[in-house]
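A.B. asks: here's my sequence, what's the structure:
(one chain, ligands or ions: 1)
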Amino acid sequence: MLFPVLTIKLPDWVNEFLMRRDSPCPDLADRMRLVVELARWNVDHGLNGPFAAAVFERDTGRLVALGVNLVLSLRTSLAHAELVALALAQQIRGNYDLGSADSPPCELVTSTEPCAMCLGAIPWSGVRSLICGARDVDARAIGFDEGHKPRNWVAALGKRGIAVRRDILRPQAVAVLRHYVACGGIIYNPS
Ligand SMILES: [Zn+2]
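C.D. replies: Take a look at the predicted model:
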């Protein structure tokens, strides 16, 4: 039996998106601004999920990789923005471990706090910090199922050496979620 091959490829418009941005982004708000704008582009270019993420070098703000939600276009529930960004960053680095000592530490910036699936993937990725825009409750407010997450997930990541900062440009990130609803975007939860 031949099984299909799943290729994770960012949309072609991402190149145009990147041409308009300066890199690196030493400032935390600049990193989040890039990610929130990317989420909006993901809605406006094909009505994919209103989520985006990026991996930066933590200390310099150099962009390593981007990710957007591709659940609808790839027809897989696995293609959340955080997982796409982490997988592409690992491919760029040539290492499954973004925390390896021979390369600069990495930071994951996500337009909305990670769902249960992405939260589970973060410690295994090797990133050293996580920056969030919208809150979990903001995604649930427009109908997305974020899954069960431990109440103390921020502290649990901290114990593993992953610093978490929340509410960076949260209003702008929430605006993208609402924009998706206003555009008629599908709330693609499992049935
Ligand atoms: Zn997720």
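
A.B. asks: and the residue nearest in space to the middle of the chain, backbone torsions?
C.D. replies: What sits nearest the mean C-alpha location of the chain, by Cα atoms, centre = their mean, is residue 53, with 2.5 Å. Per-residue torsions, residue 53: phi -150, psi 160 (degrees, to the nearest 10).

A.B. asks: centre of the chain to the longest helix along the chain, how far?
C.D. replies: In the chain, assigned by DSSP state H, the helix with the most residues is helix 28-44. The chain centre lies 10 Å from the centre of helix 28-44; the measure is Cα atoms, centre = their mean, to the nearest Å.

A.B. asks: does that helix reach the ion?
C.D. replies: No. Using Cβ under 5 Å from the ion, we find that helix 28-44 stays clear of the ion, coming within 12.9 Å at best. For every residue, glycine as well, the C-beta is placed using N, CA and C.

A.B. asks: pull out the buried positions in that helix.
C.D. replies: By neighbour count on 16 or more other Cβ atoms under 10 Å, the buried set for helix 28-44 is 28, 30-43.

A.B. asks: what packs against it?
C.D. replies: In terms of contacts (3 or more Cβ pairs under 8 Å, 6 or more residues apart in numbering; DSSP states H and E), helix 28-44 is packed against helix 13-19, strand 52-57, strand 63-68, strand 106-112, strand 129-134, helix 170-182.

A.B. asks: now the first one - C-alpha only, PDB.
C.D. replies: As requested, C-alpha coordinates have been extracted for helix 13-19 and formatted as PDB (Å, rounded to 0.1, in the frame of the first residue of the first chain):
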ATOM      1  CA  TRP A  13       2.600  34.800  -0.200                       C
ATOM      2  CA  VAL A  14       5.000  34.400   2.800                       C
ATOM      3  CA  ASN A  15       7.900  35.500   0.600                       C
ATOM      4  CA  GLU A  16       6.000  38.800  -0.200                       C
ATOM      5  CA  PHE A  17       5.200  39.200   3.500                       C
ATOM      6  CA  LEU A  18       8.900  38.800   4.400                       C
ATOM      7  CA  MET A  19      10.100  41.300   1.800                       C
END
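
A.B. asks: flag every residue of this protein that's near the ion.
C.D. replies: 80, 115, 117, 118.

A.B. asks: would CSV of those with secondary structure, pLDDT and neighbour count be doable?
C.D. replies: Shown next, in CSV, are the residues of the chain next to the ion (DSSP: H, G, I helix; E, B strand; the rest coil; pLDDT from 0 to 100; neighbours: other Cβ atoms under 10 Å):
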residue, secondary structure, pLDDT, neighbour count
80, coil, 98, 25
115, coil, 97, 21
117, helix, 97, 15
118, helix, 98, 26
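
A.B. asks: coming back round to it: just give me the closest of the buried residues of helix 28-44 to residue 107.
C.D. replies: residue 31 (7.6 Å; Cβ to Cβ).
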